[in-house]
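Peer 1: Please work out how this folds:
(one chain, ligands or ions: 1)
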Amino acid sequence: MVITCIVKGCDNKEKVYSAVMFHRIPTHHIQRRAWLAALNKNPKTPLMTLKKWRVCSEHFTAKDYTCTGTRLKDEATPTIFKSLTQQMFLFAFQNNNYCHCYFCHNCVNYYTGRVE
Ligand SMILES: [Zn+2]
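Peer 2: Numbering: from 1, shown residues only. Below is the predicted model:
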């Protein structure tokens with residue numbers, strides 16, 4: 001099975017001779033929740049599904065990696081997205097005023113981050 005990145009708008013696939021790395025969703029529940037929120041994914045996604053998911057290295061900054069450059073720091077979460085809406089969502093999320101309705105893409109609060 002070809003490993004692909006689950007980030008919306010990213011079509012990276014695992015290839016031989018590629019610098020792109022693929023990271024698993026963290027197993028620790030707090031860290032896992034932070035990733036799923038940043039990725040705008042359902043926090044109730046079953047573990048079996050999560051185990052198959054990979055996020056590629058293009059969504060992390062250099063400072064998310066340990067000194068070896070291949071391993072993510074425990075507190076690292078994906079922060080770089082090509083898709084503008086995903087980046088806007090993350091921005092709202094980081095400012096702690098994102099809409100709690102993760103799944104409703106039509107929700108007026110979705111991009112503005114207003115919580116009623
Ligand atoms: Zn990716």
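Peer 1: does any part of stretch 3-10 sit near the ion?
Peer 2: Yes: Stretch 3-10 reaches the ion (CB under 5 Å from the ion) through 5, 7, 10. (C-beta placed from N, C-alpha, C; glycine too.)
Peer 1: Now do the SS call for the last one.
Peer 2: On the three-state scheme (DSSP: H, G, I helix; E, B strand; the rest coil), residue 10 is labelled coil.
Peer 1: What is the neighbour count of it?
Peer 2: The tally of other residues near residue 10 (other CB atoms under 10 Å) stands at 20.
Peer 1: before we move on, what about the second one?
Peer 2: Neighbours of residue 7 under the rule other CB under 10 Å: 24.
Peer 1: I am assuming it contacts residue 54, so please confirm or correct that.
Peer 2: No: applying CB atoms under 8 Å, one finds residue 7 not in contact with residue 54, separated by 9.5 Å.
Peer 1: need the helices for this protein, in chain order.
Peer 2: In the chain, the helices defined using DSSP state H lie at 29-38, 47-50, 84-94, 109-112.
Peer 1: ok so, going back, which among the residues of stretch 3-10 next to the ion gets closest to residue 44?
Peer 2: Here the nearest of the residues of stretch 3-10 next to the ion to residue 44, counting by CB to CB, is residue 7; it sits at 19.2 Å.
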